[in-house]
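Q: coordinates for the following, if possible.
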Amino acid sequence: MSKRRPEVRLEHVHESIVFIERYLGDRGDRELAGFPMLRDAIERRLEIIGEAVTALRRDFPAVLATEPSIDWARIAGLRVVLAHAYDKVDPEILLETIKQDLPPLKEAVRRLLAKS
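A: Purely as a prediction, here's the structure:
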């Protein structure tokens, strides 16, 4: 399988962040915990982000190195947790991660896409 251009993976990350923002809106952790389909959709998008970042780290590490303030390894690790330790994911922690970590990730991805 050929390597995808980094822009393709970055677009996957950006698109997933936009979808998460739309899905979540102004909902809080109680609503996230109370709506399994919403939580499933958000977790799936986080898995996509993690998988895209994993591929970028493997195939295009120099691209990600231009945004050192982002913990790319932690993002990739979230996918592993969601896929393999799904029963230990706390909705409150998930929401906190989304609110704190997605905005700077979104801005970093925008900058990377602008450079490409």
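Q: contacts, neighbours, all on C-alpha from now
A: Will do.
Q: please enumerate the helices of this structure.
A: Ranges of helices in the chain, per DSSP state H, are 6-24, 29-34, 36-59, 61-65, 72-84, 91-115.
Q: confidence score at residue 51?
A: Note for residue 51: predicted pLDDT of 97.
Q: ok, it touching residue 76?
A: Yes: with contact defined as C-alpha atoms under 8 Å, residue 51 reaches residue 76; the gap is 6.5 Å.
Q: can I get the helices of the chain in JSON lines with mean neighbour count?
A: JSON lines is the format used below for the helices of the chain (neighbours: other C-alpha atoms under 10 Å):
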{"stretch": "helix 6-24", "mean neighbour count": "18"}
{"stretch": "helix 29-34", "mean neighbour count": "15"}
{"stretch": "helix 36-59", "mean neighbour count": "19"}
{"stretch": "helix 61-65", "mean neighbour count": "14"}
{"stretch": "helix 72-84", "mean neighbour count": "17"}
{"stretch": "helix 91-115", "mean neighbour count": "15"}
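Q: what does stretch 33-40 rub up against?
A: 23-24, 32, 91 (C-alpha atoms under 8 Å, 6 or more residues apart in numbering).
Q: of all those, which comes closest to residue 7?
A: Nearest to residue 7 among the contacts of stretch 33-40: residue 23, at 24.0 Å, using C-alpha to C-alpha.
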